[in-house]
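> for reference, the sequence and a predicted model appear below.
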Amino acid sequence: MDVLQQQLLNGLILGSIYALIALGYTLVYGILGLINFAHGEVVMIGAMVTISVLSWLLGMHLPLSPVLLIAFSLLLAIPVCALLGMGIERFAYRPLRGAPRLAPLITAIGVSIVLQNVAMMIWGRQYIPFPAILPSEPIQLGSATFMPVQGVIVLLSAVLMGALLLLVHRTKLGRAMRAAAQSPSVARLMGVSVDRVVASAFVIGSILAAVAGVMVSANYGQAHAYMGFMLGLKAFSAAVLGGIGNLAGAVVGGLLLGIIESLGAGYIGDLTGGFLGSQYQDVFAFLVLILVLVFRPSGLLGERSADRP
């Protein structure tokens, strides 16, 4: 029971990060029907920029608390990622709006590889450690324990997810997004600037990616140029698992994928008699994804076109 509670808590923490990244995929897919495979690299850039700024601030020996230092670093990383997302949409995807669907997919993979190599040229191939400024005293919750930063990850993720849902369903921009998702041509006739709506979706997704990048690097204590690939793949899987184009589906899929992955890490050794270790935890996550897609191709919650994004 102790192992179960610990793994469920770990899964909630991991799933919160997956859900936050998956929302970026869902926002873009809901409007354009495009899978932005470069989204994982935006997460990586957000983590790298935050660590660089944080290290620079620590070198200045400013009399600021760790929370303020991280917040200031994140405030610089967010516009960098937002501009990056806007640039990707404007120069890589917008010229291909009327092209066959395979063209933007290949372009997305190309953009992802370019961003990986740019990151390697700037920060190198090595792992970049997250500065050790966060509290390291674990918090007890029943028979499970978690670090303070992990509690912040879950709470901040919940706040950002709620804020995004309010934006989509309660603001003028959100109504424009839903209109463009249902019918771009009709939305244009009603005075909606579809180009601006699409750019806004990329910017919002990139902001969430920047925050998720900081969460990942703070949780694992490091970042590297290749971290975005697997994160992006898992977040995309979470979006598909819940129902691509469905915001609630992205959240449910992310949380479920995180819990499945953590349970797999905790029990895979017992289930295989010690033959497989926790490093094979991804097998469980993607196996469940395959099963869901076989028996329910639209995902657990399905794609609700009237609610896209």
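That came through fine. The structure presented is a predicted model; accordingly, all values stated were derived computationally and were not measured.
> could you use CA atoms for every contact and neighbour count after this?
OK.
> all the strands of the protein, in order from the start?
Residue ranges of the strands in the chain, as given by DSSP state E, are 128-129, 139-141, 144-146, 222-223.
> need the winner for burial among those strands.
strand 222-223 (a mean of 20; mean count of other C-alpha atoms under 10 Å).
> other residues contacting it?
44, 47, 48, 127, 128, 129, 130, 216, 217 (C-alpha atoms under 8 Å, 6 or more residues apart in numbering).
> how about the fifth one, what does it touch?
Taking C-alpha under 8 Å, 6+ apart as the contact definition, residue 128 lies against 48, 51, 222, 223, 224.
> separation between the fourth one and residue 3?
Residue 223 is 28 Å from residue 3, where distance means C-alpha to C-alpha, to the nearest Å.
> do the same with the second one
Using C-alpha to C-alpha, one gets 32 Å for the distance from residue 51 to residue 3.
> the more surrounded of these two?
residue 51 (25 against 13; other C-alpha atoms under 10 Å).
> state the distance from residue 84 to residue 117.
Separation of residue 84 from residue 117 (C-alpha to C-alpha): 15 Å.
> again with residue 288
As defined by C-alpha to C-alpha, residue 288 lies at a distance of 32 Å from residue 117.
> same deal with residue 297?
34 Å.
> any low-confidence regions in the protein?
Residues of the chain that meet the criterion pLDDT under 70 lie in 1, 269-278, 303-309.
> try 50 this time
Scanning the chain for pLDDT under 50 picks out the ranges 305-309.
> which stretches of it form helices?
Taking DSSP state H as the criterion, the chain carries its helices at 2-32, 39-59, 66-88, 102-123, 148-170, 172-182, 184-189, 194-220, 227-242, 247-271, 281-295.
> send the alpha carbons of the fifth one over as CSV?
Read it as helix 148-170. Output in CSV follows, covering the C-alpha atoms of helix 148-170 (Å, rounded to 0.1, in the frame of the first residue of the first chain):
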residue,chain,number,x,y,z
PRO,A,148,8.0,21.2,-1.9
VAL,A,149,8.7,21.9,-5.5
GLN,A,150,6.6,19.0,-6.5
GLY,A,151,3.6,20.3,-4.6
VAL,A,152,4.1,23.7,-6.3
ILE,A,153,4.1,21.9,-9.7
VAL,A,154,0.7,20.3,-9.1
LEU,A,155,-0.9,23.5,-7.7
LEU,A,156,0.6,25.7,-10.5
SER,A,157,-0.5,23.3,-13.2
ALA,A,158,-4.0,23.2,-11.8
VAL,A,159,-4.2,27.0,-11.7
LEU,A,160,-2.9,27.3,-15.3
MET,A,161,-5.2,24.6,-16.6
GLY,A,162,-8.2,26.4,-15.0
ALA,A,163,-7.1,29.7,-16.4
LEU,A,164,-6.9,28.3,-19.9
LEU,A,165,-10.4,26.8,-19.6
LEU,A,166,-11.7,30.2,-18.5
LEU,A,167,-9.9,31.9,-21.3
VAL,A,168,-11.3,29.5,-24.0
HIS,A,169,-14.9,29.6,-22.6
ARG,A,170,-15.3,33.0,-21.1
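> buried stuff in it?
Going by neighbour count (16 or more other C-alpha atoms under 10 Å), the buried part of helix 148-170 is 149, 150, 153, 154, 156, 157, 158, 161, 164, 168.
> same list (the residues you listed) but as JSON lines, adding distance to residue 88.
Output for the buried residues of helix 148-170, formatted as JSON lines (distance: C-alpha to C-alpha, whole Å):
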{"residue": "149", "distance to residue 88": "31"}
{"residue": "150", "distance to residue 88": "31"}
{"residue": "153", "distance to residue 88": "27"}
{"residue": "154", "distance to residue 88": "29"}
{"residue": "156", "distance to residue 88": "26"}
{"residue": "157", "distance to residue 88": "25"}
{"residue": "158", "distance to residue 88": "27"}
{"residue": "161", "distance to residue 88": "23"}
{"residue": "164", "distance to residue 88": "21"}
{"residue": "168", "distance to residue 88": "22"}
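> and which of the residues you listed is nearest residue 177?
Nearest to residue 177, judged by C-alpha to C-alpha, of the buried residues of helix 148-170 is residue 168 at 7.3 Å.
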